[in-house]
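Trainee: sequence first, predicted coordinates after that:
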Amino acid sequence: MKGLDRRSILSGAAALPLLGALPWRAARAQAANTIRIGVLNDMSGMYRDISGQTSLACVRQAVADFGPRGFNVEVLAADHQNRPDVGVNIARQWIDRDGVDVIVDVPTSSVALAVNDICREKNKVHLNSTAATSDLTGPRCTPNTVHWTYDTWMLAKSTGGAMVRAGGDTWFFLTADYAFGHALERDTGNFVRAQGGRVLGNVRTPFPGTTDFSSFLMQAQASRAKVIGLANAGTDTTNSIKQAAEFGLTRRGVRLAALLMFINDVHALGLQTAQGLVCSETFYWDLNERTRRFTEKVRGAIAPNMPAMTHAGCYAAVLHYLKAVQDMGVQAAKASGADAVSRMKAMPTDDDCFGEGRIREDGRKLHPAYLFEVKKPEESQGPWDYYKLLQTTSAEEAFRPVGEGGCPLVRS
Amino acid sequence: MDDIFGIPAPLLFGQLLLGLINGAFYAMLSLGLAVIFGLLNIINFTHGAQFMMGAFAAWMLLSLGNVPAARTGFALMLLPLAVLLLDWLLAALRVAHRLRIGLATLFAVLWAGSVFMEGGGPISGALGTLFPQGLSYWWALLIGPVVVGATGILLERLMISRLYKLDHLYGLLLTFGIGLIIEGVFRNEFGSSGLPYRIPPELSGAWDLGFMFMPVYRGWVVIAALALCLGTWLLIEKTRLGAYLRAATENAALVQAFGVNVPRMVTLTYGFGVALAAIAGVLAAPIYSVNPQMGTNLIIVVFAVVVIGGMGSILGAILTGFALGVVEGLTKVFWPEASATVIFVIMAIVLLTRPAGLFGRA
């Protein structure tokens, strides 16, 4: 066993995260007139289809749509593998060594919260689109963060509220055992109780690495709750729904609340299995003329994927950030991430994906939330024609009221 | 007997049964690993990817008629089988070794090239025309293992066979790397969200067992897994072929001296182990999300199962697989957060007390 002992393997493994950042080292010599955007997300795991290369393509589209306005924009990308330690390492290297000014996307709430702290510490910008935890604009809010697309509170109100109104007043949660699942369960539970419903129990499922949910579904069924709240995402959600159908839960009157389900998940399940489920999103490719135009533009670069609301959020957030940079000047924007974010908050937003809106003082981007029902197979006109719009919640009502989040920025 | 440790008895029985079903998957997968390790001394880290390929083969076969990507994918998956058949035919015609290799390579290049032609090329085209409705689950159960097994045979011939004289670690690294590549290719082509695959109509529905609602399909999985495990065990422990295999494990040179073609036996054993993974994959397709990372999630646990059972022990792999499924199922009731960890805790304890595993020979 020449030259391959335990130590060399270990040090090799420790150096792996570094590899991701290497190719951009050479870019360091560039002039100060360049904004560097780092797209940090899951390129290889279960959240790849709701972030991954598609987010990168949407960020590039935003840069292209913004056009040349007197400063350069560079886009970098890396895979955080849904692990906070990896995400933190990449973020530090990007900022310390590669001069990255803004970190975009960052799915997986545990990673997002860790990166959030670094961006504040280094006074850079964190434009989060894909993480769900409402803590990003609550107790953990920072002057450097914008949380664009959605959050657990909005999901709880839109999907959870619809379920309670339809008579689902007793709940049992299947919760992915990390920051995101906990936040989604907490926000939905609060909402259910506020509406007069009851939470009968919960079960925390290990994340990642759970493929069989039948055991947890049986526990949920044994609680005799009317609604099983799926406080999970990605393949966890699709596996839960698939197996709930297999065990005949839905046939016997139990309703599933897929609290976070993306169009890509519906695609993965197929309409036959997913029909009738309701879910909440803030963007759907076939919503209006502008969303269809956006989708048409990026479709070629992302096939066979389709833009989800998270991808749209990356596009819109970067576009708005670049507008703010132009407004305040590159030097000022690079000097202080907090200043750049407060300029973003001062300017009204407008883009093809979310229409007109604004960013609140706690970093929350405001736009309407849509409650969709998944179509029956015979109702679908073509590929990716999956949603019927049930209800629209206005921008002012869709998200948690600014005073209730416990964000220190609001008090001061 | 209403409550056992504060858990209602019916719920507990249900969980035991579910644990047994998951154990069936662990048993099938660890069986393949044990067979391969027993004879080849290779720790086959590609096993998870091969399990995933089995599930994808099922999806591709079903979607041959209406999804172009499925046709392309399956045309590529067929390539190793076609090359092996050609090679076998040429050997039967007594074509010289070098010429055979040249022809097989040329054939492979042409085949792969045709698949990437504009519009899919003749092979994918033919697949689409021949099977406009796709091929059902039952065909997948037959064809999937053969096709994926053939990829395994080609892999063994081309790469793994070069490592037998080296330390285990090299085989582990090679198969691990290949597994990552296969997973990456599937992820690029099909995304990570997964693909829909439904339970075959013959096996849909459920039995009411009183204490729980038992889907027919899960019952079928347990029966199929038991049959598969028993069959493999009988094959290896009770037949003449199995005796050759076991003898070759002890002393390959001596067995070869008796006129047994040991390299071919080794190749076919690897193919068989891979086919076992693929069968498990086809069985898993209707109940788990068919996605590129489905194998990775399972394979780490399965390796723990093999280590606990004793590397290379067939019976150990089977019994440990089912038993740990049950242990994991019970953990899901009493302490759900720990259910992904419990198997590794057991592994650590077993390694400390019986380093060769429960059924292994020290």
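Mentor: All right, it came through fine.

Trainee: now do the contacts for A:S55.
Mentor: Residues near A:S55 by C-beta atoms under 8 Å, 6 or more residues apart in numbering or on different chains: A:V39, A:N41, A:V104, A:D105, A:S129, A:T130, A:T310, A:H311, A:C314. Glycine gets a C-beta too; all of them are placed from N, C-alpha and C.

Trainee: show me which residues of the strand or helix carrying it are buried.
Mentor: Secondary-structure element containing A:S55, defined by DSSP states H and E: helix A:52-66. In terms of neighbour count (16 or more other C-beta atoms under 10 Å in any protein chain shown), helix A:52-66 has its buried residues at A:52-63, A:66.

Trainee: tell me which helix or strand comes right after it.
Mentor: Of the helices and strands lying after helix A:52-66 in sequence (DSSP H and E), the nearest is strand A:72-79.

Trainee: can you tell me which residue is nearest the centre of chain A?
Mentor: Most central in chain A under C-alpha atoms, centre = their mean is A:T130, positioned 1.6 Å from the mean C-alpha point.

Trainee: roughly how far apart are B:Y170 and B:G152?
Mentor: From B:Y170 across to B:G152, the span is 18 Å (C-beta to C-beta, to the nearest Å).

Trainee: now do A:A194
Mentor: Distance, A:A194 to B:G152, using C-beta to C-beta: 57 Å.

Trainee: of the two, who's got more company?
Mentor: Neighbours were counted for A:A194 and for B:G152 using other C-beta atoms under 10 Å in any protein chain shown; B:G152 has more, 31 against 12.

Trainee: quick one: pLDDT of the more buried one?
Mentor: With respect to pLDDT, B:G152 has a value of 95.

Trainee: list the contacts for the spatially closest residue to A:I118 that is not a sequence neighbour?
Mentor: Distances taken as C-beta to C-beta, 6 or more residues apart in numbering or on different chains place A:A91 nearest to A:I118, at 4.8 Å, with adjacent residues excluded. Taking C-beta under 8 Å, 6+ apart, we find A:A91 in contact with A:G38, A:L40, A:I103, A:A114, A:V115, A:I118, A:C119.

Trainee: tabulate these in JSON lines, adding columns for pLDDT and secondary structure.
Mentor: Listed next are the contacts of A:A91 as JSON lines, based on pLDDT from 0 to 100; DSSP: H, G, I helix; E, B strand; the rest coil:
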{"residue": "A:G38", "pLDDT": "96", "secondary structure": "strand"}
{"residue": "A:L40", "pLDDT": "97", "secondary structure": "strand"}
{"residue": "A:I103", "pLDDT": "97", "secondary structure": "strand"}
{"residue": "A:A114", "pLDDT": "96", "secondary structure": "helix"}
{"residue": "A:V115", "pLDDT": "96", "secondary structure": "helix"}
{"residue": "A:I118", "pLDDT": "96", "secondary structure": "helix"}
{"residue": "A:C119", "pLDDT": "96", "secondary structure": "helix"}
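
Trainee: ok, and residue 318, which helix or strand is that part of?
Mentor: No chain specified, so I'll use chain A. Following DSSP H and E, one finds A:V318 within helix A:309-328.

Trainee: let me rephrase: I mean chain B.
Mentor: Residue-wise, B:I318 maps onto helix B:314-334 under DSSP H and E.

Trainee: after that helix comes which helix or strand?
Mentor: Sequence order places helix B:342-353 as the next helix or strand after helix B:314-334, per DSSP H and E.

Trainee: alpha carbons of that following helix, as PDB, please.
Mentor: Extracted C-alpha coordinates of helix B:342-353, given in PDB (Å, rounded to 0.1, in the frame of the first residue of the first chain):
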ATOM      1  CA  VAL B 342     -29.000   3.300  15.300                       C
ATOM      2  CA  ILE B 343     -27.500   0.900  12.700                       C
ATOM      3  CA  PHE B 344     -24.100   2.600  12.900                       C
ATOM      4  CA  VAL B 345     -24.200   2.400  16.700                       C
ATOM      5  CA  ILE B 346     -24.700  -1.300  16.400                       C
ATOM      6  CA  MET B 347     -21.900  -1.500  13.900                       C
ATOM      7  CA  ALA B 348     -19.500   0.200  16.300                       C
ATOM      8  CA  ILE B 349     -20.500  -2.100  19.100                       C
ATOM      9  CA  VAL B 350     -20.100  -5.200  16.900                       C
ATOM     10  CA  LEU B 351     -16.800  -4.100  15.600                       C
ATOM     11  CA  LEU B 352     -15.500  -3.600  19.100                       C
ATOM     12  CA  THR B 353     -16.700  -6.900  20.400                       C
END
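
Trainee: give the buried residues for that helix.
Mentor: Applying 16+ other C-beta under 10 Å to helix B:342-353 flags B:V342, B:I343, B:I346, B:M347, B:V350 as buried.

Trainee: what's the answer for stretch B:32-51, then?
Mentor: In stretch B:32-51, counting by 16+ other C-beta under 10 Å, buried: B:32-51.

Trainee: does that stretch reach chain A?
Mentor: No: between stretch B:32-51 and chain A, judged by C-beta under 8 Å from any C-beta of the partner chain, nothing touches; the nearest distance is 11.3 Å.

Trainee: for that stretch, measure first residue to last.
Mentor: 10 Å (C-alpha to C-alpha, to the nearest Å).

Trainee: show me the buried residues of stretch B:32-51 that map onto helices.
Mentor: Judged by DSSP state H, these include B:32-40, B:47-51 as members of helices.

Trainee: mind giving me the packing neighbours of the helix or strand where A:E356 lies?
Mentor: A:E356 is part of strand A:355-359, with elements assigned from DSSP H and E. Judged by 3 or more C-beta pairs under 8 Å, 6 or more residues apart in numbering or on different chains; DSSP states H and E, the packing partners of strand A:355-359 are helix A:337-346, strand A:349-351, strand A:365-366.

Trainee: tell me the mean pLDDT for that strand?
Mentor: Here the average pLDDT along strand A:355-359 is 94.

Trainee: count of neighbours near the residue lying closest to B:E237 once chain neighbours are set aside?
Mentor: Counting by C-beta to C-beta, 6+ apart, B:E237 lies nearest to B:I314, which is 7.3 Å off, once chain neighbours are set aside. Here the number of neighbours of B:I314 (other C-beta under 10 Å) works out to 23.

Trainee: ok, B:V307 next?
Mentor: 24.

Trainee: so who does the closest residue to chain B within the stretch 201-350 of chain A touch?
Mentor: Proximity of the stretch 201-350 of chain A to chain B (C-beta to the nearest C-beta) peaks at A:G270, 3.0 Å away. By C-beta under 8 Å, 6+ apart, the contact set of A:G270 is B:P196, B:R198.

Trainee: for the host helix or strand of B:L103, give the mean pLDDT please.
Mentor: In this structure, B:L103 sits in helix B:97-115 according to DSSP H and E. For helix B:97-115, mean pLDDT is 90.

Trainee: A:A78 reaches A:V88, doesn't it?
Mentor: No: judged on C-beta atoms under 8 Å, A:A78 makes no contact with A:V88 at a distance of 11.9 Å.

Trainee: the two: who's more crowded?
Mentor: A:A78 (23 against 17).

Trainee: could you give the bridge partners of the more buried one?
Mentor: Here A:A78 sits in beta bridges with A:L40, going by DSSP bridges.

Trainee: end to end, how far does stretch A:281-295 reach?
Mentor: When the termini of stretch A:281-295 are compared using C-alpha to C-alpha, they are 16 Å apart.

Trainee: report the distance from that stretch to the chain centre.
Mentor: Remark: stretch A:281-295 is offset 17 Å from the chain centroid, using C-alpha atoms, centre = their mean, to the nearest Å.

Trainee: same question, stretch B:315-332
Mentor: Taking C-alpha atoms, centre = their mean, one finds stretch B:315-332 lying 18 Å from the centre of the chain it belongs to.

Trainee: anything in that stretch near chain A?
Mentor: Yes: judged by C-beta under 8 Å from any C-beta, stretch B:315-332 and chain A are in contact via B:G329, B:K332.

Trainee: B:T151 contacts B:M77, correct?
Mentor: Yes: contact criterion C-beta under 8 Å: B:T151 and B:M77 qualify, at 6.8 Å.
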